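Peer 1: Structure here, sequence nowhere to be found:
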C-alpha cells in the first residue's frame, strides 16, 4: 500500500512541477534551450522514477503466490517513516534560507543517513559534509547559481 501512495505522490508532484515549469517566462534571445530545459529534465526524471516504481510493483504482484488467506495488516512503521521524512524535509525547507544551502543540506543529509544507514557515523558525516559543500561549490562557482549563504562565511 505504501508503494501505491508513493507512486501517486510522485505523479502529483510531477504534474505540479510540470505546471510550475510552464509558468517560467521564455525569452526569445539568449540560450536556445531557455530556462525551462533543466526543470523539464527533472520532471522527466520524476516520471521515470514513477515508471520504475510501477514496474517494481507489478513485478512483485506477479511474483507473490496467490493464497486464499486474508491479507495481513500492513505494518504502520512504513507510514511513520514516510511521515518522518516528510517532516524532516519540511524542516529542511524552513531552514534553507536561514541556515543557507550548505549547512541546511548537510544537517538534512546527516539526519537522513543517520536513520537509514545506522551505525556508520564516519560514512554518514563524510557523505553529508562532502556532498553539501561540493554541490554548493559546483552550483555557485561552476554554474553561477545563487544559493542562500545563510550562516556560512563563504
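Peer 2: Good, I have the coordinates. Because the structure is predicted, anything quoted here is derived from the model rather than measured.

Peer 1: For the protein, which segments are assigned as strands?
Peer 2: With DSSP state E as the criterion, the chain has no strands.

Peer 1: Walk me through the domains of it.
Peer 2: Segmentation of the chain into domains, based on automatic domain parsing, reads 1-74, 75-154.

Peer 1: neighbours around residue 24, how many?
Peer 2: Residue 24 has 12 neighbours, counted by other Cβ atoms under 10 Å. In this view, the C-beta of every residue, glycine as well, is placed from N, C-alpha and C.

Peer 1: before we move on, back to that, a markdown table please, covering the domains of the chain and showing mean pLDDT.
Peer 2: Formatted as a markdown table, the domains of the chain follow (pLDDT from 0 to 100):
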| stretch | mean pLDDT |
| --- | --- |
| domain 1-74 | 81 |
| domain 75-154 | 89 |
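
Peer 1: for those, which one ends up most surrounded?
Peer 2: domain 75-154 (a mean of 14; mean count of other Cβ atoms under 10 Å).

Peer 1: longest helix of the chain?
Peer 2: For the chain, the longest helix by residue count, based on DSSP state H, is helix 37-63.

Peer 1: Please state the offset of that one from the chain centre?
Peer 2: 14 Å (Cα atoms, centre = their mean, to the nearest Å).

Peer 1: With stretch 55-65 instead?
Peer 2: The answer for stretch 55-65 is 25 Å, by Cα atoms, centre = their mean.

Peer 1: Could you pull up the contacting residues of the residue nearest the centre of the chain?
Peer 2: Residue closest to the average C-alpha location in the chain (Cα atoms, centre = their mean): residue 89, at 8.8 Å. Neighbour list for residue 89: residue 108 [criterion: Cβ atoms under 8 Å, 6 or more residues apart in numbering].
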